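> Dropping a prediction and its sequence here:
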Amino acid sequence: MGQVLGDVLGFAAAVAVSPLPIIAMILVLATPRGRLNGLLFAAGWVLGLSALGGVVLAIVGPGGTSANSQPASWVGGLKLALGVLLALFGLWQWRRRPKDASQAQLPKWMATLDRLTPLKVFALAVALAALNAKNAPLTIAAGASIASAGLPVGQQIASLAVFVVIGSLGLLVPLGVFLMGGDRAKTTLGNWKDWAAQHNVAVMAVLFFVLGLKLIGDGIGILTP
């Protein structure tokens with residue numbers, strides 16, 4: 001299980017520091033019902049990661065390991081494909097990063113967050129966690145690593161829980177600052193939002209490229225034992 005956690009922690013950390021969900025959480029906390037919306041956003045995020053990870057575990061299942069308890073060849077192919085996808089996406093992100101970080105712009109949908117109902121805030125968080133093109137490949141890769149390790153079901157669930165907790169820290173930390181930070185919380189969160197907005201593309205580009213190379217190496221290692 002220790003080796004699996006070592007693989008999963010890298011993916012979880014990448015999910016945790018993804019700037020856009022962090023910015024979305026900070027903007028949600030600034031809405032009139034910030035406390036309620038923030039809690040619902042965090043709950044939706046946790047549910048989204050858990051659901052996607054659980055689906056991957058169920059799909060890969062026992063078929064993710066070969067007769068000698070090593071990852072099956074198709075898992076190696078999946079990791080190789082995900083690695084190539086992430087590496088190419090990272091290069092594309094790097095090429096489109098703004099030359100002047102201060103000119104970076106947030107997605108237009110973020111301007112509507114203050115008009116969303118609590119239910120829509122919850123649904124948005126689920127979608128950002130499970131359906132977002134940036135986070136979904138990382139969760140799929142983590143789930144595939146867990147499922148292909150030949151662990152008992154209980155340890156698979158525990159490993160997925162660790163991934164979800166670590167992958168949610170990027171949202172839970174701003175939520176904690178908001179709930180306990182008092183009057184200074186708004187200034188602190190505002191500074192975090194500005195930094196994340198300016199460096200969003202560059203941060204994700206580097207993360208995706210590095211993790212893509214790791215997955216490519218893992219895939220090749222499985223396919224060519």
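Here it is on my side, so go on.

> in this structure, which helix has the most residues?
helix 184-223 (DSSP state H).

> show me the contacts for the residue lying closest to Ala51 once chain neighbours are set aside.
Nearest residue to Ala51 in three dimensions, chain neighbours excluded: Ala130, at 5.8 Å (C-beta to C-beta, 6 or more residues apart in numbering). Backbone N, C-alpha and C define where each C-beta goes, glycine included. Ala130 makes contacts with 48-49, 51-52, 136, 139, as judged by C-beta atoms under 8 Å, 6 or more residues apart in numbering.

> now Ala130: how far from Ser18?
For Ala130, the distance to Ser18 (C-beta to C-beta, to the nearest Å) stands at 13 Å.

> distance of the spatially closest residue to Leu207 that is not a sequence neighbour from Gln105?
Nearest non-adjacent residue to Leu207, counting by C-beta to C-beta, 6+ apart: Ala14, 4.8 Å away. Ala14 sits 23 Å away from Gln105, going by C-beta to C-beta.

> Compare neighbour counts for these two and give me the winner.
Ranked by neighbour count (other C-beta atoms under 10 Å), Ala14 and Gln105 place Ala14 first, with 26 against 9.

> and that one, what pLDDT?
Note on Ala14: pLDDT of 87.

> which residues touch it?
Contacts of Ala14 by C-beta under 8 Å, 6+ apart are 138, 207-208, 211.

> If you rank the residues you listed by neighbours, which is first?
Leu138 (27 neighbours).

> Please tell me how far that one sits from Met204.
From Leu138 to Met204 the distance is 11 Å (C-beta to C-beta).

> For the protein, which segments count as helices?
Going by DSSP H, the chain shows helices at 2-16, 19-29, 34-60, 73-95, 118-130, 136-147, 153-167, 169-180, 184-223.

> what's the angle from the first one to helix 73-95?
Yep, that's helix 2-16 we're talking about. 30 degrees (axes from the mean of the first three to the mean of the last three C-alpha atoms, to 10 degrees).

> What residues sit buried inside helix 2-16?
Residues of helix 2-16 classed as buried: 4-5, 7-16 (neighbour count, 16 or more other C-beta atoms under 10 Å).

> could I get these as JSON lines with distance to Ile23?
Below are those laid out as JSON lines (distance: C-beta to C-beta, whole Å):
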{"residue": "Val4", "distance to Ile23": "31"}
{"residue": "Leu5", "distance to Ile23": "29"}
{"residue": "Asp7", "distance to Ile23": "28"}
{"residue": "Val8", "distance to Ile23": "25"}
{"residue": "Leu9", "distance to Ile23": "24"}
{"residue": "Gly10", "distance to Ile23": "23"}
{"residue": "Phe11", "distance to Ile23": "21"}
{"residue": "Ala12", "distance to Ile23": "19"}
{"residue": "Ala13", "distance to Ile23": "18"}
{"residue": "Ala14", "distance to Ile23": "16"}
{"residue": "Val15", "distance to Ile23": "15"}
{"residue": "Ala16", "distance to Ile23": "14"}
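
> Among those residues, which one lies nearest to Trp109?
Closest approach to Trp109 among those (C-beta to C-beta): Val15, at 19.8 Å.

> tell me the contacts of the nearest residue in space to that closest one that is not next to it in sequence?
Take Val15 and drop its neighbours on the chain: the residue closest to it by C-beta to C-beta, 6+ apart is Gly167, 3.7 Å away. Gly167 makes contacts with 11-13, 15-16, 49, 139, as judged by C-beta under 8 Å, 6+ apart.
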